[in-house]
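Student: Provided below for reference: sequence and predicted model.
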Amino acid sequence: MKFFPTPHPEKKTLPKLQVGVVGTGFIVEECHLVAYQKAGIEVCGLVGRNLQKARTIAEKFSIPWVGSSVRDLLSETKPEILDIAVPPLIQPAVIEAAVSSSHLRGILAQKPLALSFAEAERLVSLCEAKGKVLAVNQNMRFDPSIYAQKQILNKGILGEPVLATIEMRAVPHWMDWAKGMRTLTTWIMSIHHLDTFRFWLGTPDRVFASFRKDPRTTFDHVDGISLYILEYESGARASGWDDVWAGPVKEGGAPSCEIRWRFEGTRGVARGTIGWPEWPKHTPSTLEYSCLDYPGEWIRTEWSDTWFPDAFQWPMIDLMQAIENDTTPISGGRDNLETIALLEAIFESGTTHQSTSPKGWLRKRAINDKSG
């Protein structure tokens, strides 16, 4: 029987847990709150630095409480989950302010969890010590085609992994907070694709990366266009091309933005597209696969859900179900440390022009744990 994967996890009974949201940027207004409203997730309060903007968004989504203080949100509305969507330089302070709240059971942190492995490890350990379930909003894992491909891999339909690739040619809108950071594309864009490779294949043994500056980005940066190869001792290889230039498409050239992925195994091939570059046009992602069980045939799937904004409900639903069932979220904090270690290794390789190992960062953590 042919296998047709589903575009998202099974939604069982949605736990009745109140959510407080911190942040009023594009990703909150256009993705988080739209997806939460669609899923029936109850938002009890919203925090924003611009109080007037926060009030406007709260009215739009019928959120009963608005304020500018995380501590006030926690004390006055008593949410059981805090959804944090603020820049990475600010996020650690928000987590620190939240973890001592006795009624808070879980935190959904924005990715990247932190801008260094050491800081991410500190935040994960802090949440564990305070008994809070931490998940990181690695929402690309829940893009319909990415999540569906994970099911195909779990069933072994493609055989042993040989080569996985993700090719992004798209122009991001860099926020002001991105200026002056130690990293640009690696921690903001490549994090999606590197985490996807981890989701599919696990943490690689070695990585090679090459950066060049993006001709369009006027502020100083190290990692603009980013190319990288992931090596696994099993023999599997993965490669990403994160091309944030994509040609002179903003200067009058013909549009040519897209994200494509491909996964080759010993018994089959899967390939797909991500609809995000066409945002705000509602463009569903796609997936099709061919395997030796059905020679010469492509098996295609179709769905209406997109990555932006539909997939954004699933990290929160997954966290809710993990809290209710005492399980680990798909993008749990401890798991996400391996993604941060991979980012560190990619950035190190791209700046030193040498291969590096993400597992080296994880070994440092293990050594520190023992010495502590």
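Tutor: That came through, no problem. Numbering: from 1, shown residues only.

Student: now for Glu251, how many residues are close by?
Tutor: Using other Cβ atoms under 10 Å, Glu251 has 8 other residues around it. The C-beta positions use only the backbone N, C-alpha and C, and glycine is treated the same way.

Student: make that Ser190, sorry
Tutor: Neighbour count for Ser190, taken as other Cβ under 10 Å: 27.

Student: also the one 5 residues further on?
Tutor: Per other Cβ under 10 Å, the neighbour tally for Asp195 reads 26.

Student: could you do Phe61 as well?
Tutor: 16.

Student: residues in contact with Gly350?
Tutor: Gly350 sits next to Thr186, Ala209, Ser210, Phe211, Val222, Asp223, Ser226, Tyr228 when contact means Cβ atoms under 8 Å, 6 or more residues apart in numbering.

Student: wait, the first one touches Phe347, no?
Tutor: Just to be clear, that refers to Thr186. Yes. Applying Cβ atoms under 8 Å, one finds Thr186 in contact with Phe347, separated by 5.0 Å.

Student: if you count surrounding residues, which of these two has more?
Tutor: Each of Thr186 and Phe347 has its neighbours counted (other Cβ under 10 Å); Thr186 has more, 26 against 23.

Student: ok so that one is a helix residue?
Tutor: Yes. Under DSSP: H, G, I helix; E, B strand; the rest coil, Thr186 sits within a helix.

Student: could you pull out the strands for the stretch 151-300 of the chain?
Tutor: 161-169, 206-212, 225-231, 237-243, 258-265, 268-274, 286-291, 299-301 (DSSP state E, counting those that start in this stretch).

Student: next, the angle strand 258-265 makes with the first one.
Tutor: In this structure, strand 161-169 runs at an angle of 180 degrees to strand 258-265, with axes from the mean of the first three to the mean of the last three Cα atoms, to 10 degrees as the basis.

Student: could you pull out the buried residues of strand 161-169?
Tutor: Pro161, Val162, Ala164, Thr165, Ile166, Met168, Arg169 (16 or more other Cβ atoms under 10 Å).

Student: what packs against it?
Tutor: Counting contacts by 3 or more Cβ pairs under 8 Å, 6 or more residues apart in numbering; DSSP states H and E, strand 161-169 packs against helix 191-201, strand 237-243, strand 258-265.

Student: and those, which is most packed in?
Tutor: With neighbours defined by mean count of other Cβ atoms under 10 Å, none of the helices and strands packed on strand 161-169 is more surrounded on average than helix 191-201, at a mean of 23.

Student: pLDDT (mean, whole number) over it?
Tutor: Helix 191-201 shows an average pLDDT of 98 in the prediction.

Student: and if you look at stretch 343-356?
Tutor: 97.

Student: one more: stretch 209-217?
Tutor: pLDDT averaged over stretch 209-217 gives 97.

Student: please save the CA atoms from that stretch in PDB.
Tutor: Included here for stretch 209-217 are C-alpha records, laid out as PDB according to Å, rounded to 0.1, in the frame of the first residue of the first chain:
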ATOM      1  CA  ALA A 209      31.500  26.000   5.700                       C
ATOM      2  CA  SER A 210      32.200  28.900   3.400                       C
ATOM      3  CA  PHE A 211      30.900  32.400   3.700                       C
ATOM      4  CA  ARG A 212      31.000  35.600   1.700                       C
ATOM      5  CA  LYS A 213      29.400  38.900   2.400                       C
ATOM      6  CA  ASP A 214      26.000  39.700   0.800                       C
ATOM      7  CA  PRO A 215      26.400  42.500  -1.800                       C
ATOM      8  CA  ARG A 216      23.000  43.900  -0.800                       C
ATOM      9  CA  THR A 217      23.400  44.000   3.000                       C
END
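
Student: can you name the residues in contact with that stretch?
Tutor: With Cβ under 8 Å, 6+ apart as the test, stretch 209-217 has contacts from 171, 174, 184-185, 221-229, 244-245, 250, 346-347, 349-351, 353.

Student: and those, which are buried?
Tutor: In the contacts of stretch 209-217, burial by neighbour count holds for 171, 174, 184-185, 221-229, 244-245, 346-347, 349-351, counting by 16+ other Cβ under 10 Å.

Student: got a list of what Glu29 touches?
Tutor: Ile57, Lys60.

Student: meant to ask about Ile63
Tutor: Contacts of Ile63 (Cβ under 8 Å, 6+ apart): Val21, Leu33, Val43, Cys44, Gly45, Leu46, Ile57.

Student: quick check, central residue of this structure?
Tutor: Compute the mean C-alpha point of the chain, and by Cα atoms, centre = their mean the closest residue is Gln138, 2.1 Å away.

Student: now it: how far from Thr306?
Tutor: Distance of Gln138 to Thr306, computed by Cβ to Cβ, to the nearest Å: 17 Å.
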